[in-house]
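# quick one, what's the 3D model for this:
(chains A and B)
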Amino acid sequence: SQQGEEDPQALSIQEGENATMNCSYKTSINNLQWYRQNSGRGLVHLILIRSNEREKHSGRLRVTLDTSKKSSSLLITASRAADTASYFCAFGTDKLIFGTGTRLQVFP
Amino acid sequence: EPEVTQTPSHQVTQMGQEVILRCVPISNHLYFYWYRQILGQKVEFLVSFYNNEISEKSEIFDDQFSVERPDGSNFTLKIRSTKLEDSAMYFCASSGDLSGNTIYFGEGSWLTVV
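As a prediction, this is how the structure comes out:
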């Protein structure tokens, strides 16, 4: 299957803590994207990392990519209750294949 | 920031009825997509569209589905005869090109087939 796998499936933390989500994939990629989805809402693009990049930052987000291990991680630092959502990695060239997602719950 | 807009946000339809979901992609984008997400499940690719034709479709996208770009701005998904299992959130998306540009998604259209 080309599907990405994410772990953990669910993560509960307190506000202020860091949250790390991991994504593994099986195919060769040109880039990998991370999306957030609040319950019942649309997919919000967070960050894109290209295959020749190893790390990328955007505000409180840090994404790493290890193409040799076919894995990526998303780190959210100093989490807030508003970060509560599902997070998906997605990859592909002419279409995106989504990971299974991590449900993040941040408690105030 | 430019955005993909979708209508309706929610539609309830009877089994067997035709449904058209509408999307306005970001204006200078060239690649258009439909995805769906059954409640609580993963996001699944349905179809991609470029240069006024389907470039790829999944096995979900059978003869009951069709897409159209009737004018320069709209991109529609039609389900000819809806089934209960078509109940899902349908997302439209667009991107500028395939070389690594971000794919932007709309807020989705909830379809409930009863």
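# which residues touch residue B:43?
Applying CB atoms under 8 Å, 6 or more residues apart in numbering or on different chains to residue B:43 gives the contacts A:43, A:88, A:90, A:98, B:35-37, B:91. Backbone N, C-alpha and C define where each C-beta goes, glycine included.
# same thing with residue A:55?
Residues near residue A:55 by CB under 8 Å, 6+ apart: A:49, A:62-65.
# can you name the residues bridging to it?
Bridge pairing for residue A:55 (DSSP bridges) gives the partners residue A:64.
# distance of it from residue B:107?
Per CB to CB, to the nearest Å, residue A:55 is found 30 Å from residue B:107.
# do the same with residue B:95
As for residue B:95, its distance to residue B:107 is 17 Å (criterion: CB to CB).
# hang on, the earlier thing: buried subset of the contacts of residue A:55 as a ChimeraX selection?
To isolate the buried members of the contacts of residue A:55 in ChimeraX, using 16 or more other CB atoms under 10 Å in any protein chain shown:
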select /A:49,62,63,64,65
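# other SSEs contacting the host helix or strand of residue A:49?
Secondary structure from DSSP states H and E places residue A:49 in strand A:43-50. Here strand A:43-50 touches strand A:31-37, strand A:55-58, strand A:61-66, strand A:71-76, strand B:104-105, going by 3 or more CB pairs under 8 Å, 6 or more residues apart in numbering or on different chains; DSSP states H and E.
# only C-alpha atoms, please: export that strand in PDB.
Extracted as PDB, the C-alpha positions of strand A:43-50 are listed here (Å, rounded to 0.1, in the frame of the first residue of the first chain):
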ATOM      1  CA  LEU A  43      -7.600  20.500   5.600                       C
ATOM      2  CA  VAL A  44      -5.300  23.400   6.400                       C
ATOM      3  CA  HIS A  45      -1.900  23.300   4.900                       C
ATOM      4  CA  LEU A  46       0.800  23.700   7.500                       C
ATOM      5  CA  ILE A  47       4.200  23.200   5.800                       C
ATOM      6  CA  LEU A  48       5.800  21.600   2.800                       C
ATOM      7  CA  ILE A  49       9.300  20.100   2.900                       C
ATOM      8  CA  ARG A  50      11.100  19.100  -0.300                       C
END
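# and that strand, what's buried?
A:43, A:45-49.
# now, among the residues you listed, which is nearest to chain B?
Checking those against chain B with CB to the nearest CB, the nearest one is residue A:43 at 4.0 Å.
# so that closest one makes contact with residue B:90?
No. The pair residue A:43 and residue B:90 does not pass the contact test of CB atoms under 8 Å, sitting 12.0 Å apart.
# what touches both of the two?
Counting by CB under 8 Å, 6+ apart, the residues touching both residue A:43 and residue B:90 are residue B:108.
# residue B:95 and residue B:107: which has the busier surroundings?
When neighbours are counted by other CB atoms under 10 Å in any protein chain shown, residue B:95 and residue B:107 differ, and residue B:95 comes out ahead with 22 against 19.
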